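**Q** no FASTA, just this:
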């Protein structure tokens, strides 16, 4: 039985139209990213550099829309940069792709392709139902960037154990290493985004992820 997913009423009120696109994968096998996929990722990055030459990350569909979401919730996107913008800025600055494993690298590829924040989580480390909510004053977590992240004033995916994921930076607790086999994949889709429909995003992501990593997928759909 899968978890229940909700968005806190405060966020729904402040940012109507914000959606979470949700996928689950089971029995995947993660490894070093295959050379063929590395080539595809490098080709995508080169295409984006050519398409947006002389422009900024904010010109890429998805980036400006998500910056607006953060501003609406009182979060400074220049201080707390969303993960999709951070990835795309690296592409436009011609910085190398940071290879991790075949799961994380597909997630980052899809985040760049769609222009959206996307999080990949070890489902076996998640406890109970999941809600997108604002962080509280006493909440923090060790993040993948090596820092302790204060949750106060920002918004997060949280389970019964507290916040674990964010469109900014995810936690170590639910991180995905080569031993993870059951995964949760979440796309943060801002209002006004129309490059792809939610259905197109989830179907394309599910097919690509399992083509590379095996296993099965289930499209839980989207909430919001």
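**A** Received the coordinates, thanks. Note that the structure is predicted; figures quoted are calculated from it, not measured.
**Q** from here on, contacts and neighbour counts on C-alpha atoms
**A** OK.
**Q** and the helix or strand harbouring residue 200, what does it pack onto?
**A** Assigned by DSSP states H and E, residue 200 falls within helix 198-213. Judged by 3 or more Cα pairs under 8 Å, 6 or more residues apart in numbering; DSSP states H and E, helix 198-213 is in contact with strand 19-26, helix 102-114, strand 216-223.
**Q** ok, the residue lying closest to residue 136 once chain neighbours are set aside to residue 139 distance?
**A** Closest residue to residue 136 apart from its sequence neighbours, by Cα to Cα, 6 or more residues apart in numbering: residue 152 at 4.7 Å. From residue 152 across to residue 139, the span is 7 Å (Cα to Cα, to the nearest Å).
**Q** Likewise for residue 148?
**A** 10 Å.
**Q** on that earlier part again, what angle separates the helix holding residue 200 from strand 216-223?
**A** 160 degrees (axes from the mean of the first three to the mean of the last three Cα atoms, to 10 degrees).
**Q** quick one: average confidence on helix 198-213?
**A** Averaged across helix 198-213, the pLDDT comes to 97.
**Q** Equivalent analysis for stretch 168-186, please.
**A** So the average pLDDT for stretch 168-186 ends up being 97.
**Q** what separates it from the chain centre, distance-wise?
**A** 11 Å (Cα atoms, centre = their mean, to the nearest Å).
**Q** Can you list the buried residues in it?
**A** Neighbour-count burial for stretch 168-186 flags 168-177, 180-186 (criterion: 16 or more other Cα atoms under 10 Å).
**Q** Tell me the bridge partners for the spatially most central residue of the chain.
**A** Of all residues in the chain, the one closest to the mean position by Cα atoms, centre = their mean is residue 118, 1.3 Å from it. As for beta bridges, residue 118 partners with residue 187 under DSSP bridges.
**Q** Done for today, thanks.
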